[in-house]
Structures are given as C-alpha cells and as structure tokens.
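>>> Next come a sequence and a model predicted from it.
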Amino acid sequence: MTSPYTIPFVGLKLGQHLFDFALDKTFFESLPYSLVDDGKLVVKLNLEKKETMLIASFEVKGVVSAPCARCNEEMDQKIKGDLTVYFVLGEEESEDENLIVIPKESYEIDVQQSMYEMIMLALPARSAHKKNECNEEMVQLIQKYTSNQVSKDEENNIDPRWAALKNLN
C-alpha cells in the first residue's frame, strides 16, 4: 500500500512541481511516538527535480493540539514554518539531516518524516494559554504541589550537620 505522502518522481519532468497536503489527526496517528496527537495543517511542497537530485521546499501553516505549560490543558497552538530537504541519488551515507541519500534505483520519495520534523521544529519551546485563559483550578493544584516553600516544622527538623551549611555565607 502506498502512503499518501509518497511522491513518485520518475515520471516528473525536470523543473518545479507543487504538491499540497492537508494534515489532521490521521497523519499524527500514523507516526509512532508522535509528540502531537491532533492538528489541522496545510503543507505546501515545492519539489524541484534536477538531474541527480530533488530539492523539497516545505511550508506549513495551521494549528496543532498541545498541552499548556501552565495548566496542562489541551490548547490550540498556531504554527508556521518551513524546511528544505535535499534528496540525492547515490549510495554513500549522509550525516546532514537535510540531505537524504536515496538509492539510484529509487523511483519515489516519502516526505512524511520530513513534514513531521518541520512541524516539530515549528512548535514553540513553550505553549501556553493567553493570560486568564488557563484552568485556574489546575494552576492552583500544580502550584500547591510544586511550591518551594519549606514549612516551619520541616525547617526545625533539619539534620544539624546540614544546618551548619546555612552559616557558610
């Protein structure tokens, strides 16, 4: 069975070719260990075919479902990004993550992994709701269990050997 993200390049003429992909939950479910479970994204692929290589220029726009860093509730995170990947016909291994060597007898490329990597790179380091949109009950619960304040009883029960370290300043 051919993946919907597989592009046969043998029949393509030299030059530019445009492809559009609409990604949703099924895209992320088909990837094992995906960090994203759901989303509505549009990926535009400009594939330039040359004699011995393919240059794939991806652009993504849309929304993915991600946990909020403050309250851990699912939220819609807008993303926008791009990525260029070079597919080269050959036999040698490549250590560059943007250069993929494909066997000379290949007739198609699978762009699913490249699209997933682009989406992951487009995600912000920290996704959070806008101010006052978080689940306040959850925020208070998280603060209760992550508070750095030591109670007076715990402070009085400190081992005297460790208590001496406080006086080093």
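Yep, that arrived. Not measured: the values here are computed from a predicted model. Residues are numbered from 1 along each chain as shown.
>>> which stretches of this structure aren't confidently modelled?
Scanning the chain for pLDDT under 70 picks out 1, 147-156, 169.
>>> So which residue is dead centre in this protein?
residue 120 (1.4 Å; C-alpha atoms, centre = their mean).
>>> how about the nearest residue to that residue, chain neighbours excluded?
residue 35 (6.5 Å; C-beta to C-beta, 6 or more residues apart in numbering). Any C-beta I mention is one placed from the backbone N, CA and C, and that applies to glycine too.
>>> Regarding the one you found, what is its secondary structure?
Following DSSP: H, G, I helix; E, B strand; the rest coil, residue 35 is assigned to coil.
>>> now swap in residue 28 and tell me
Relying on three-state DSSP, one would call residue 28 helix.
>>> which ones are touching residue 18?
44, 45, 46, 47 (C-beta atoms under 8 Å, 6 or more residues apart in numbering).
>>> one more time with 6 Å
By C-beta atoms under 6 Å, 6 or more residues apart in numbering, residue 18 lies in contact with residue 46.
>>> same question, residue 127
66, 69, 77.
>>> Mind giving me the packing neighbours of the helix or strand containing the first one?
Residue 66 belongs to strand 53-67 when elements are defined using DSSP states H and E. In terms of contacts (3 or more C-beta pairs under 6 Å, 6 or more residues apart in numbering; DSSP states H and E), strand 53-67 is packed against strand 39-49, strand 74-89, helix 112-122.
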